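**Q** Could you work out the structure for the sequence below:
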Amino acid sequence: MSEPHHPARDQIRLEAVLTALGHPLRMNVLQVLAEGGEYPCGAIVDGVSKSTLTHHWRVLRESGVINQRASGRTLLLSLRRDDLDARFPGLIDAILASYTPADPAELADAR
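**A** Residues are numbered from 1 along each chain as shown. Okay, here's the model as predicted:
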């Protein structure tokens, strides 16, 4: 398995982060990952196809929001909190403070 692309801290762009977080499913992922630690990619969102999750992980990873690393046959995801806070102080806290989780029916439509 090849190593996925992660932008360097100084390459993380505000518009890419905001675009990535403009989807309700990815906002729910942000909320989970903001609790800290690493999560297996299949343990964050239920009821979504693997191909759809792969797309969402790519968007979050390439925008600089998450880190994705292989551990055996599992991919582990974590929030790039230090990098995001260094680039955009207070942004993640402000987004999370104003976030209202999407209704599960809304999430189903957004996938």
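
**Q** Next, the buried residues of the longest helix along the chain.
**A** Longest helix in the chain by number of residues (criterion: DSSP state H): helix 50-63. For helix 50-63, a neighbour-count test (16 or more other CB atoms under 10 Å) marks 53, 56-57, 59-61, 63 as buried. For every residue, glycine as well, the C-beta is placed using N, CA and C.

**Q** Please enumerate residues in contact with that helix?
**A** Residues outside helix 50-63 that contact it (CB atoms under 8 Å, 6 or more residues apart in numbering): 4-7, 12-13, 16-17, 19-20, 23, 25-26, 29, 41-42, 45, 48, 66-68, 75, 77, 111.

**Q** Which ones among those map onto strands?
**A** 66-68, 75, 77 (DSSP state E).

**Q** Any idea which of these the model trusts least?
**A** Lowest pLDDT of the ones in strands among the contacts of helix 50-63: Leu75, 92.

**Q** Provide a list of residues in contact with it.
**A** 40-41, 57, 68-69.

**Q** Would you check that Ile20 makes contact with Leu79?
**A** No Ile there; residue 20 is Ala. No. When contacts are counted by CB atoms under 8 Å, Ala20 is not listed as touching Leu79 (12.0 Å).

**Q** Quick one: low-confidence residue ranges for this protein.
**A** By pLDDT under 70, the weakly predicted segments of the chain are 1-2, 102-111.

**Q** All the helices of it, residue numbers only.
**A** 14-20, 24-33, 50-63, 81-87, 91-98, 104-110.

**Q** And the second one, what's buried?
**A** This points to helix 24-33. Within helix 24-33, the residues scored as buried using 16+ other CB under 10 Å are 24-30, 33.

**Q** List just the nearest of the residues you listed to Ser98.
**A** Met27 (10.6 Å; CB to CB).
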